[in-house]
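Student: predicted model follows, preceded by the sequence.
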Amino acid sequence: MSNSESSLEAYAKKRDFDKTPEPGPAREETRKRRFVVQEHHASHLHWDLRLEMEGVLKSWAVPKGPPEEPGIRRLAVQTEDHPVDYIDFEGEIEEGQYGAGTVVIWDRGTYDLSERDEKKLVFTLYGERLQGGYVLVHTRNDEWLLFKRK
Ligand code: MN
């Protein structure tokens with residue numbers, strides 16, 4: 001992962017910021033690690049888990065939503081980095097635009113990162129709904145598995 005400017009290229013290319021209410025890329029240094037889960041009623045309902053990291057939001061689309069109990073493994077497809085301002089985004093993305101549909105914040109809070117390498121992230125969420133230890137494990141391509149620790 002390089003600097004946050006270039007890692008937002010994919011995000012910016014897909015959107016017309018004159019037409020979408022979503023935030024454009026902006027560099028922002030942040031002190032506190034935050035996360036958000038956005039319920040996204042796009043062509044297929046999914047939940048977007050975003051972790052603030054390196055000045056961007058590392059993002060995964062979770063088709064069945066993040067597990068709230070241990071013992072459940074959920075597919076999490078990594079998507080393009082999003083700008084940190086996206087952490088507050090809720091609204092309607094117009095039809096014809098990328099990701100068209102309604103976005104609502106399903107959970108938000110802070111997190112601690114305890115382990116990180118290319119294949120694994122171990123973190124603790126302090127959200128309103130999601131709390132406790134979580135693991136993201138890379139399986140193949142853009143696919144990861146998300147589960148809650150016992
Ligand atoms: Mn989405």
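Tutor: That came through, no problem.
Student: can you give me the helices in this protein?
Tutor: Under the criterion DSSP state H, the chain contains helices at 4-7, 9-13.
Student: least reliable of these going by mean pLDDT?
Tutor: Mean pLDDT per stretch puts helix 4-7 lowest among those, at a mean of 62.
Student: so what's the closest residue to Ser114 other than its chain neighbours up against?
Tutor: Nearest non-adjacent residue to Ser114, counting by CB to CB, 6 or more residues apart in numbering: Val122, 4.9 Å away. The C-beta positions use only the backbone N, C-alpha and C, and glycine is treated the same way. Contacts for Val122 (CB atoms under 8 Å, 6 or more residues apart in numbering) come out as 113-116, 133-135, 149.
Student: which of the residues you listed are buried?
Tutor: 134-135 (16 or more other CB atoms under 10 Å).
Student: of the contacts of Val122, which is the nearest to the ion?
Tutor: Taking CB to the ion as the measure, the ion sits nearest to Tyr134 out of the contacts of Val122, at 18.9 Å.
Student: next one: that closest one, what pLDDT does it get?
Tutor: At Tyr134, pLDDT is 98.
Student: does it have beta-bridge partners, and which?
Tutor: Tyr134 has these beta-bridge partners by DSSP bridges: Phe123, Lys148.
Student: wait, Gly109 sits on Thr124?
Tutor: No: the pair Gly109 / Thr124 is not scored as a contact, 10.3 Å apart, by CB atoms under 8 Å.
Student: residue of the protein closest to the ion, please.
Tutor: Using CB to the ion, the closest approach of the chain to the ion is made by His40 at 3.7 Å.
Student: quick check: closest non-adjacent residue to the residue nearest to the spatial centre of the chain.
Tutor: The residue lying closest to the centre of the chain (CA atoms, centre = their mean) is Arg50, at 2.1 Å. Taking CB to CB, 6+ apart, and ignoring the residues beside it in sequence, Arg50 has Leu57 as its nearest neighbour in space, at 3.9 Å.
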